[in-house]
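>>> Could you work out the structure for the sequence below:
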Amino acid sequence: MGKETIELLVEGGKATAAPPLGPSLAPLKVNVGLVVAEINKKTAEMAGMKVPVKVTVDKDTKTFEISVGTPPVSALIKKELKLEKGSSEAGVARVGDLSEEQVRRIAKIKFGSDDKRFTEMIKGTARSMGVTVGVGQVTAEEKAKEKAHKQELKDGDKTKEEPKAEEAAKEPAAKDKEKSKEKPKEKKK
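Numbers count the residues shown, from 1 in each chain. All right, here's what the predicted structure looks like:
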């Protein structure tokens, strides 16, 4: 019959037999519990990150192979800096700073090498997340500025909504004025 491969994204160390894994494996008549345990064992060190996993099942022998990919660079940066998410305004506000050593470590994890081309990719992703390299830790002043900036954005959204409501209220009055300016049509006799 051959082999069938199932690709999925699981949280490191927390795979379960629930969808999407269980329903994908059940028709192949493989021991789902063993597959889940093996995935969790192989992804335990990547806890808290989404990890790409490939499960290849031999339909004849019911044996399986599991290969684990590496998480996205953004997830590795967030884990390294213990961040929940990147900056909402990258280039304006920064949320963290990586050292050159941390950049090399992430490059080795993701690409298996800390060659300059790989470290530059890591730095580019970091920039897009509002993370600098070699600048120094984010100061309390910068954190306050980021918080104020987020509040401004939030308040800006509210002020955008208010004029819309005012315009909607003015619209019927404007239409009435236009109608009153129109000349009454003469009736034909």
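>>> For the rest of this, base every contact and every neighbour count on C-alpha atoms.
Fine.
>>> Can you report how many residues neighbour residue 130?
Residue 130 has 20 neighbours, counted by other Cα atoms under 10 Å.
>>> wait, it sits on residue 96?
Yes - counting by Cα atoms under 8 Å, residue 130 touches residue 96, with 7.2 Å between them.
>>> any idea how the protein splits into domains?
3-68, 73-138 (automatic domain parsing).
>>> Distance to residue 146 and mean pLDDT for those domains - can I get that in a markdown table?
Shown next, in a markdown table, are the domains of the chain (distance: least, Cα to Cα, whole Å; pLDDT from 0 to 100):
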| stretch | distance to residue 146 | mean pLDDT |
| --- | --- | --- |
| domain 3-68 | 25 | 88 |
| domain 73-138 | 6 | 89 |
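>>> out of these, nearest to residue 153?
Checking these against residue 153 by Cα to Cα gives domain 73-138 as the closest, at 10.2 Å.
>>> ok now the closest one, how far from the chain's centre?
15 Å (Cα atoms, centre = their mean, to the nearest Å).
>>> how long is that domain end to end?
21 Å (Cα to Cα, to the nearest Å).
>>> any residues touching whichever strand or helix holds residue 51, and which ones?
Using DSSP states H and E, residue 51 sits in strand 50-58. Strand 50-58 is contacted by residues 2-12, 28, 30, 39, 43, 63-71, 75 when judged by Cα atoms under 8 Å, 6 or more residues apart in numbering.
>>> where do the helices sit along this protein?
Along the chain, counting by DSSP state H, helices occupy 21-25, 32-43, 73-81, 100-111, 116-128, 140-181.
>>> Same list, those, but as TSV with mean neighbour count and distance to residue 56 please.
Shown next, in TSV, are those (neighbours: other Cα atoms under 10 Å; distance: least, Cα to Cα, whole Å):
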stretch	mean neighbour count	distance to residue 56
helix 21-25	17	10
helix 32-43	18	10
helix 73-81	18	25
helix 100-111	18	22
helix 116-128	17	29
helix 140-181	11	46
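>>> so which of those helices comes closest to residue 59?
Of all the helices of the chain, helix 21-25 comes closest under Cα to Cα, at 10.7 Å.
>>> And the contacts of that closest one?
With contact meaning Cα under 8 Å, 6+ apart, helix 21-25 is reached by 6, 8, 16-17, 32.
>>> can you put the domains of the chain in a markdown table and add distance to residue 154?
Shown next, in a markdown table, are the domains of the chain (distance: least, Cα to Cα, whole Å):
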| stretch | distance to residue 154 |
| --- | --- |
| domain 3-68 | 29 |
| domain 73-138 | 12 |
